[in-house]
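A.B. asks: Sequence first, predicted coordinates after that:
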Amino acid sequence: MENPTITAYAPGRINIIGEHTDYNNGFVLPASIDKKAVVQLKKNGKDSTICHFVAKNVDEIFEFDLNEFEPIGGGWENYIMGVVAELQALGGQITGFDCELEGDVPIGSGMSSSAALECSLAVGLNELFDLGFEKWQLIKAAQMAEHHFVGIECGIMDQFASVMGKKNQVMLLDCKSLEFEYFPLDLEDYELLLLNTNVSHALASSEYNTRKRECEKGVEIAQQKYLEVTSLRDLTVEMLSEVIGEMPEKVASRCRHIVTENDRVQAATKALVAKDFARLGELIYESHNSLQVDYEVSCKELDFLVEYTKDKDYILGGRMMGGGFGGCTINIIQKTKVNDFIQLAAAVYQKEFNKDLTPHSVSLENGAGVL
Ligand code: GLA
């Protein structure tokens, strides 16, 4: 075909455990899910420099010129311009194109609708213009789009999971070496249930970068005793105990979260393999507590939902998922109890906050691709 239309897609992600560890070179345990962003791309002329977008979900259009574009406002436009800019920076030869985008990853839910959008476009443009980039380059480009055009200095977890995910598998990713391993997620009588607080994470971007700075401060202080430490990933609990007294209180708490969370990711992976779901649940509760108290990225709605599960013996664990300040909790719940629990939780949540609770059952699906 002369001028084919390319359809590419990239999913959102869940994360079993390992929150805010990625930009500290630590460990995460995410998986790609059955909700995704889809782009349809077509070249619009070999001399054209115009990129034209139709965002079907929000019924908006946007256009920019490849010769001159820069971040604007705070919307979806920055994600797509960012991806184009990063692929160009890698040497990708891109000419004008038309793009229709849509998706069903709930926005602001902590399921990473933004990474889904970035990765679907990166994968699609790679195919459309025959750029020949490898998956890890597309992952990096999507992450850098967020740094340079959106202003969030995110880690690599979301984009990695969106591109590398595999059906029914979670991945243990070492964010330092980018080595990873798949593990089947078979929870037997249990399943994952996400509960969306419908609180949009407005604070997330500024606080996110602040947390990153606080972690860097922690590294600086640790280096005074341990020269070899280049990120919080290099600190063990024992090493941290030797230097924590030198740290300002907030920095100390942030470091405690990261160092203990890295250990929890390892322990959770072992529990998953051993099918010790009770232990996995405990670790998930501990993760929430650490995110709430030490890292301070939770919010009252997330805390309420996690607390509400604790006296239910059919729920093994629950915690906030993603960047925080809103979005979803992720819970391990007995399959037969899901419907009853959703009804109960939605009613108490409505009563407490006068807000709807949106449940999502998710399945794990393959990562990004071209149709
Ligand atoms: C957001 C970021 C990720 C990660 C999580 C928290 O989703 O995009 O890189 O840091 O928050 O774990």
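C.D. replies: Cool, got the structure.
A.B. asks: ok, now which ones touch S120?
C.D. replies: Taking Cβ atoms under 8 Å, 6 or more residues apart in numbering, we find S120 in contact with A8, Y9, A10, K36, A37, V38, V39, L101, G103, A368. C-betas here are computed from N, CA, C, even on glycine.
A.B. asks: got the residues of this structure near the ligand?
C.D. replies: Taking Cβ under 6 Å from any ligand atom as the measure of proximity, the chain contacts the ligand at E19, H20, D22, Y23, S112, C154, G155, M157, D158, G322, G323.
A.B. asks: Model confidence score at the second one, please.
C.D. replies: Yep, that's H20 we're talking about. Confidence at H20, expressed as pLDDT, is 98.
A.B. asks: can you give me the helices for the stretch 201-350 of the chain?
C.D. replies: When assigned using DSSP state H, counting those that start in this stretch, the helices of the stretch 201-350 of the chain occupy the ranges 204-223, 237-243, 249-273, 277-293, 300-309, 338-353.
A.B. asks: so how many other residues sit close to G132?
C.D. replies: Around G132 there are 9 other residues, counting by other Cβ atoms under 10 Å.
A.B. asks: Now tabulate the helices of the stretch 201-350 of the chain in a markdown table and tack on mean neighbour count and mean pLDDT.
C.D. replies: Compiled in a markdown table, these are given as follows (neighbours: other Cβ atoms under 10 Å; pLDDT from 0 to 100):
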| stretch | mean neighbour count | mean pLDDT |
| --- | --- | --- |
| helix 204-223 | 18 | 94 |
| helix 237-243 | 14 | 98 |
| helix 249-273 | 21 | 98 |
| helix 277-293 | 20 | 98 |
| helix 300-309 | 20 | 98 |
| helix 338-353 | 14 | 98 |
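A.B. asks: So which of those is nearest L364?
C.D. replies: Go through these one by one with Cβ to Cβ and the one that ends up closest to L364 is helix 249-273, at 12.8 Å.
A.B. asks: Okay, angle between that closest one and helix 204-223 too, please.
C.D. replies: Our comparison of helix 249-273 with helix 204-223, counting by axes from the mean of the first three to the mean of the last three Cα atoms, to 10 degrees, yields an angle of 100 degrees.
A.B. asks: Does anything pack onto helix 249-273? Which helices or strands?
C.D. replies: Counting by 3 or more Cβ pairs under 8 Å, 6 or more residues apart in numbering; DSSP states H and E, the packing neighbours recorded for helix 249-273 are strand 27-28, strand 169-174, strand 180-184, helix 204-223, helix 237-243, helix 277-293.
A.B. asks: export those to JSON lines and tack on distance to G92?
C.D. replies: Formatted as JSON lines, the entries for those read as follows, by distance: least, Cβ to Cβ, whole Å:
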{"stretch": "strand 27-28", "distance to G92": "28"}
{"stretch": "strand 169-174", "distance to G92": "25"}
{"stretch": "strand 180-184", "distance to G92": "25"}
{"stretch": "helix 204-223", "distance to G92": "27"}
{"stretch": "helix 237-243", "distance to G92": "42"}
{"stretch": "helix 277-293", "distance to G92": "37"}
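A.B. asks: So among the contacts of S120, which ones count as buried?
C.D. replies: Judged by neighbour count, with 16 or more other Cβ atoms under 10 Å as the criterion, the buried members of those are A8, Y9, A10, K36, A37, V38, V39, L101, G103, A368.
A.B. asks: May I have the predicted confidence score for the second one?
C.D. replies: According to the per-residue confidence, Y9 scores 98 in pLDDT.
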